[in-house]
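>>> got a predicted model here, sequence first, then my questions.
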Amino acid sequence: MRVLRALTVAAAAVVAVGLSTPFVAANPSDPLGGSPSGQGGNGGLGGNNGNNGNNGNGPSNVTVNPYSVHQGSTMQVSAAGCRHGGTVWSAGNFPQTNLSAGSIGFATVRIFNHASPGNHTLSVKCHDNSLVATHRFTILRGNGAQGGIGGSFGPSTAETAIGSSLVGAAALGAGAHVLRRRRPLRGRA
């Protein structure tokens, strides 16, 4: 009978740990859920279909993510063809920002809080080329949702491990308590 109780408590602990596993699997490593590809918006082709007539030299295939962004928010810009890096700018909307080096360069820009809402154009220029590619984006009035963490993120791996160990310890403690309380005293019948 004691073994059955101990097995029941152990099974309950295993079930508790098993039920917490989907929360760990649902917690992505990128809390924003974005990808570094910068795809999104309107398909991402810059002026003259992103080529600017340069046959692969200079910036091309400029993309923004998201296409529509609130004042004070960030936007990711990517462009192909700037193997040695480059710069991204949009006068009055965000400061000039460096584009990373590589076959596809990335930059994260923060829209000014006072930027005027509406349709705007950003420009991309490579460090090793004088050609400039452009792309349109939209600034929306006001700040985006400032919800804070408040349940918008799942538990981290560390939180899940701590919770699982606490549940296991509680199950073992409860099992030990039950076994100790049910043990008959010697000399009493």
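Alright, I've got the coordinates.
>>> from here on, just use CA atoms for contacts and neighbour counts.
OK.
>>> could you tell me the end-to-end distance of stretch 61-81?
The straight-line separation of the ends of stretch 61-81 (Cα to Cα, to the nearest Å) is 8 Å.
>>> can you tell me the closest non-neighbouring residue to residue 5?
For residue 5, ignoring the flanking residues on the chain, the nearest one in space by Cα to Cα, 6 or more residues apart in numbering is residue 175 at 7.3 Å.
>>> can you tell me which residues contact the one you found?
Neighbouring residues of residue 175 by Cα atoms under 8 Å, 6 or more residues apart in numbering: 5, 6, 9.
>>> and the helix or strand in which it is found, what's buried?
Assigned by DSSP states H and E, residue 175 belongs to helix 157-182. Neighbour-count burial for helix 157-182 flags 160, 161, 163, 164, 167, 168, 171, 172, 175 (criterion: 16 or more other Cα atoms under 10 Å).
>>> look at the residue nearest to residue 5 and report its pLDDT.
On the pLDDT scale, residue 175 is placed at 85.
>>> repeat for residue 85
With respect to pLDDT, residue 85 scores 89.
>>> contacts only, for the nearest residue to it once chain neighbours are set aside.
Leaving out its chain neighbours, the residue that sits closest to residue 85 by Cα to Cα, 6+ apart is residue 101, at 3.8 Å. By Cα under 8 Å, 6+ apart, the contact list for residue 101 reads 82, 83, 84, 85, 86.
>>> what's the most distant pair in those residues?
83 and 86 (8.5 Å; Cα to Cα).
>>> ok, these two, which is more surrounded?
The neighbour comparison of residue 83 against residue 86 (other Cα atoms under 10 Å) goes to residue 86, with 24 against 20.
>>> wait, isn't that one in contact with residue 98?
Yes - in this structure, residue 86 is within contact of residue 98 by Cα atoms under 8 Å, at 5.8 Å.
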